[in-house]
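# compute the structure for the input listed below.
(2 chains)
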There are 2 protein chains.
Amino acid sequence: MSRVISVGPLPASRKAYRGELRVPVREIELTTGQVVERYDTSGPYTESDFRPDLDNGLPKIRKAWPRNYPTQLLAARAGEITTEMAYVAAREHLPAEVVRDEIAAGRAVLPANVNHPECEPMIIGKRFLVKVNANIGTSAVTSSPAEEVEKMVWATRWGADTVMDLSTGPRIHETREWILRNSPVPIGTVPIYQALERVNGDPTKLSWDVYRDVVIEQCEQGVDYMTVHAGVRMAYIPLTVGRKTGIVSRGGSILAAWCLAHHRENFLYTHFAELCEILRDYDVTFSLGDGLRPGSVYDANDDAQLAELRTLGELTQVAKAHGVQTMIEGPGHVPMDKIAENVKLQQEWCDEAPFYTLGPLATDVAPGYDHITSAIGAAMIAWHGTAMLCYVTPKEHLGLPDRDDVKAGVIAYKIAAHSADVAKGHPGAQDHDDQLSDARFEFRWADQFALALDPETAQSYHDETLPAAPAKTAHFCSMCGPKFCSMRISHDLRTSYADATEPAAAPNLALAEAGMAAKSAEFQAAGAKIYLPVVEP
Amino acid sequence: MSRVISVGPLPASRKAYRGELRVPVREIELTTGQVVERYDTSGPYTESDFRPDLDNGLPKIRKAWPRNYPTQLLAARAGEITTEMAYVAAREHLPAEVVRDEIAAGRAVLPANVNHPECEPMIIGKRFLVKVNANIGTSAVTSSPAEEVEKMVWATRWGADTVMDLSTGPRIHETREWILRNSPVPIGTVPIYQALERVNGDPTKLSWDVYRDVVIEQCEQGVDYMTVHAGVRMAYIPLTVGRKTGIVSRGGSILAAWCLAHHRENFLYTHFAELCEILRDYDVTFSLGDGLRPGSVYDANDDAQLAELRTLGELTQVAKAHGVQTMIEGPGHVPMDKIAENVKLQQEWCDEAPFYTLGPLATDVAPGYDHITSAIGAAMIAWHGTAMLCYVTPKEHLGLPDRDDVKAGVIAYKIAAHSADVAKGHPGAQDHDDQLSDARFEFRWADQFALALDPETAQSYHDETLPAAPAKTAHFCSMCGPKFCSMRISHDLRTSYADATEPAAAPNLALAEAGMAAKSAEFQAAGAKIYLPVVEP
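Here you go, the predicted structure:
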């Protein structure tokens, strides 16, 4: 059984901790001497000499933190700024009051089970950085618990903010235990999967009792948020019959099968208040699942999806009345013209609870590339207000993701999330772009790699055509070569203008503008006729 | 020197030609017996037994077609439907009158040099399918003419609608000749690159005479459209000095350097009318270059970019007055919130001339993944009305694309273009999605692969976990296994409803809706209080 865990800092980077709470950051030292800072999700694994001890797990940083209220939501409502809130405020460079108020209003969640003391607190809400979730998990035949720990470490190394353990198969409890004890990020699960294992895979044998026991077991272990498909009401199931792709959510289809077999309402819906009481005791966050999400662009925004969304809004009210933090899951497959509507309706019907979407894929036609089809939809939906994006890997629809697929999925989603942060004008987000663009313009190749979302790939691509060390400081690259380099010419231009200290020298900005104005006036005076070029003297 | 050219049909596909004009289509035969049709850009290379003859080139299909007007634009204005127009109308499944009228209005271009008889006509305009261009070309040190032919064949095999030959280096004429004679798609160039070669790479030595001779040489060879940076006016150059990344267009920087050295207006601007006359004689289409496009999100939509765009609008009028077809190039690097404005201003200022954009990249932070950062921007800008997208490969900013990069770029851009077609509601576009989703829901794995943008990759990913032939007809996949398969459960549900022929059987849609309505009424009657779950009996 492999126990290889990816450790050590990223290129030109070092782990640092800020303040009394020891809030983690990644410092990148540039060749200019400047040190820039990045939000960091990778836990102690990227310290320079960290040795993972999988049997004993990570340090229990939250163990001694006070807990005056059952949940962060109740604390926030009471006006308290918890240690967790102070921690995420420092991480996000925002006042702790903003964190508290967003949680109190139900517009943000801070998923942190009291039994997951290893977790570095983070926040999910539209006022904060857009987050990315990566799914991992064993299936019946593949991989071991330690391998799943490595997948979690690997995903967070590239920037995953939370990880969902979707394990099935016989070692489901043990795998989750290994992941939780070694995870610096919140862990989410879908308890119905384990419940189904308990009844030997026959959905008709499921019951509230079986499900409840599984939920309590997972709460005890420290799961931070749980997908609960309580919105799949019996009456909505017939709405899926005319669909192109029926029900594509595993949880949704399991519950639909149960409802149909018993001709009774979904037991998660009828027992929702009890479930709230359990989750409240551990401060586990609801991720209200969209069991009827569309599995094709044809089915997007249809009656089944929207009927369930309305119910999720109703359940959000119940959960909040119980003091339980809640977010809402979203689709799936949605063409670009229907993306904004998803966020609008979700925000309206669910009282601005954080939206957590899977993609969505903007088209169905590219299996093998669904990290791209969905990064398009993900970037757009996050710009419109989605708080967290669940990644999709290149293997979606085709098979189980391996290590490379996990990385490809995380990077594609960091691109989507960051693009949204920039488009939203999130404070400081564009600094990353500007730092990298400065490095690019100044031919600081090493800095360009270090500042890239994936420094190793960026450098390896550059090495393919210009591997020599001097090329890393060359004022051109392999694309255009020295003669054609537009950026080098731009530098020459800039130097020329900078040299033009004499008023009568090369045109400066004011002169140029005056020239343009004169030209424009001349054009207007001539009757705004189209320009007729003259022969050059 | 390698002469290996990729030939033969894609999986489950065969080339067919429709009607007297022999308009090419790709037929995909599904396992159901159904045959579906795809727009096809791959030329004779995907016939089942085509043998390329690189020395003699492709059949000259347009050789005998009549030419009554110097350009398609002039013909359209005169009310004529040319053979080329009839051909693209058949390709796009639209009336020939629509094609003619869009060209006449300048809202579409049909780039087809009279000296490129091998070209299968295609159209670029917002009323038509969104098109994708792939850039290829030798640099000073790498690759041979035959290798560039293979890159062109390879790019069109995966769906590139046009190819730009950006070759530099000593064999520039010979390489272009090989590409043109063997290309079934329009070929674009940037003549200033060859002009710069003529003056040994010193931009200050450029002149209108040198440039004009290069343009005539390329027109004679059969180049279908040319990027001309005539909008880089001298007065705009100082507007780039405060930029984060200066001038990033090679052509733009070359001309800026010339202007600065001579303190004279850009000779492409002052000689634009002469240039129009040359291009008109060969029916070469202008691609008015955005030499001042932003090279970072910081510089997006700035004064330099917009000043040039206004000038491109002015030049569009001049070109159209000369009867020359014209499209407009666009950025570059643009955050999502500024994308719609780009199309809006371009359409307004350039009289709805087709927009042809490079990406744009939605963020600067992911070198190595710029096919993804830019597919996000490309999908969005195409949805807003861009007619053709210039691809970006994973090597952008880092090195020269190899064969795998060309494919990755083309596929990412086919995803973007098709996502836009679907979002625009382009007639028939979503059929592709629906066909694939049907195959997916019915577990027709072979059909799912055949209908994918990249059948080989889709199948290889599936093979990784379930390689056995029976798995290709299995009613589950490796992701969930047989117990958990949501789609299988959906089928069971559908069967149950279909079996419910007795009125009193399982709930049907009408009953369910009645039930929902009753529930809703009950909820309202109870004062619209939030739902309080009851304990299950």
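# look up how far residue B:292 lies from whichever residue of the stretch 401-537 of chain A sits closest to chain B.
Across the stretch 401-537 of chain A, the shortest distance to chain B (CB to the nearest CB) belongs to residue A:490, at 2.9 Å. (C-beta placed from N, C-alpha, C; glycine too.) Counting by CB to CB, to the nearest Å, the gap from residue A:490 to residue B:292 is 11 Å.
# equivalent analysis for residue A:165, please.
In terms of CB to CB, residue A:165 sits 50 Å off from residue B:292.
# which one of these two is surrounded by more residues?
In terms of neighbours (other CB atoms under 10 Å in any protein chain shown), residue B:292 is the more surrounded of residue A:165 and residue B:292; the figures are 35 against 25.
# wait, the more buried one touches residue B:232, no?
Yes: using CB atoms under 8 Å, residue B:292 is in contact with residue B:232, at 6.1 Å.
# any common contacting residues for these two?
B:252, B:308 (CB atoms under 8 Å, 6 or more residues apart in numbering or on different chains).
# show me the contacts for the residue nearest the centre of chain A.
Most central in chain A under CA atoms, centre = their mean is residue A:132, positioned 1.2 Å from the mean C-alpha point. The contact partners of residue A:132, taken as CB under 8 Å, 6+ apart, are A:159-162, A:388-391, A:410, A:413-414, A:416-417.
# of these, buried ones?
A:159-162, A:388-391, A:410, A:413-414, A:416-417 (16 or more other CB atoms under 10 Å in any protein chain shown).
# near chain B, list only the ones from these.
A:414, A:416 (CB under 8 Å from any CB of the partner chain).
# distance to residue B:309, pLDDT and secondary structure for the buried ones among the contacts of residue A:132 - can I get that in JSON lines?
Listed next are the buried ones among the contacts of residue A:132 as JSON lines, based on distance: CB to CB, whole Å; pLDDT from 0 to 100; DSSP: H, G, I helix; E, B strand; the rest coil:
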{"residue": "A:159", "distance to residue B:309": "36", "pLDDT": "98", "secondary structure": "coil"}
{"residue": "A:160", "distance to residue B:309": "40", "pLDDT": "98", "secondary structure": "coil"}
{"residue": "A:161", "distance to residue B:309": "39", "pLDDT": "98", "secondary structure": "coil"}
{"residue": "A:162", "distance to residue B:309": "43", "pLDDT": "98", "secondary structure": "strand"}
{"residue": "A:388", "distance to residue B:309": "37", "pLDDT": "98", "secondary structure": "strand"}
{"residue": "A:389", "distance to residue B:309": "33", "pLDDT": "98", "secondary structure": "strand"}
{"residue": "A:390", "distance to residue B:309": "38", "pLDDT": "98", "secondary structure": "strand"}
{"residue": "A:391", "distance to residue B:309": "37", "pLDDT": "98", "secondary structure": "coil"}
{"residue": "A:410", "distance to residue B:309": "37", "pLDDT": "98", "secondary structure": "helix"}
{"residue": "A:413", "distance to residue B:309": "33", "pLDDT": "98", "secondary structure": "helix"}
{"residue": "A:414", "distance to residue B:309": "32", "pLDDT": "98", "secondary structure": "helix"}
{"residue": "A:416", "distance to residue B:309": "28", "pLDDT": "98", "secondary structure": "helix"}
{"residue": "A:417", "distance to residue B:309": "30", "pLDDT": "98", "secondary structure": "helix"}
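# check which residues of stretch A:341-356 are buried.
By neighbour count on 16+ other CB under 10 Å, the buried set for stretch A:341-356 is A:342-343, A:345-347, A:349-356.
# narrow those to those in strands?
Assigned to strands by DSSP state E, the following of the buried residues of stretch A:341-356 qualify: A:355-356.
# so can I have CSV of the buried residues of stretch A:341-356 showing pLDDT and distance to residue A:272?
CSV is the format used below for the buried residues of stretch A:341-356 (pLDDT from 0 to 100; distance: CB to CB, whole Å):
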residue, pLDDT, distance to residue A:272
A:342, 97, 23
A:343, 98, 24
A:345, 98, 21
A:346, 98, 19
A:347, 98, 21
A:349, 98, 17
A:350, 98, 15
A:351, 98, 16
A:352, 98, 20
A:353, 98, 15
A:354, 98, 19
A:355, 98, 20
A:356, 98, 19
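# so which of the buried residues of stretch A:341-356 are in helices?
A:342-343, A:345-347, A:349 (DSSP state H).
# closest one of these to residue B:440?
Of all those, residue A:342 has the smallest distance to residue B:440: 21.5 Å, by CB to CB.
# list the contacts for residue A:420?
Counting by CB under 8 Å, 6+ apart, residue A:420 makes contact with A:130, A:379-380, A:382-383, A:386, B:336.
# how about residue A:111?
Neighbours of residue A:111 in contact, by CB under 8 Å, 6+ apart: A:122, A:124, A:162, A:186, A:188, A:224-225, A:284-285, A:325.
# JSON lines for those residues, including distance to residue B:259 and secondary structure?
Shown next, in JSON lines, are the contacts of residue A:111 (distance: CB to CB, whole Å; DSSP: H, G, I helix; E, B strand; the rest coil):
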{"residue": "A:122", "distance to residue B:259": "52", "secondary structure": "coil"}
{"residue": "A:124", "distance to residue B:259": "51", "secondary structure": "strand"}
{"residue": "A:162", "distance to residue B:259": "53", "secondary structure": "strand"}
{"residue": "A:186", "distance to residue B:259": "56", "secondary structure": "coil"}
{"residue": "A:188", "distance to residue B:259": "58", "secondary structure": "strand"}
{"residue": "A:224", "distance to residue B:259": "60", "secondary structure": "coil"}
{"residue": "A:225", "distance to residue B:259": "59", "secondary structure": "strand"}
{"residue": "A:284", "distance to residue B:259": "65", "secondary structure": "coil"}
{"residue": "A:285", "distance to residue B:259": "60", "secondary structure": "strand"}
{"residue": "A:325", "distance to residue B:259": "60", "secondary structure": "coil"}
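# out of the residues you listed, what pair is the most spread apart?
Greatest spatial distance among those (CB to CB): A:122 and A:284, at 15.2 Å.
# have a look at those two and say which one is more surrounded.
Legend: neighbour count by other CB under 10 Å for residue A:122 and residue A:284, higher for residue A:284 (29 against 26).
# relative to chain B, how far out is residue A:396?
Counting by CB to the nearest CB, to the nearest Å, the gap from residue A:396 to chain B is 8 Å.
# now swap in residue A:377 and tell me
From residue A:377 across to chain B, the span is 8 Å (CB to the nearest CB).
# could you pull out the strands for the stretch 101-250 of chain A?
A:108-109, A:124-125, A:131-136, A:162-165, A:187-189, A:225-228 (DSSP state E, counting those that start in this stretch).
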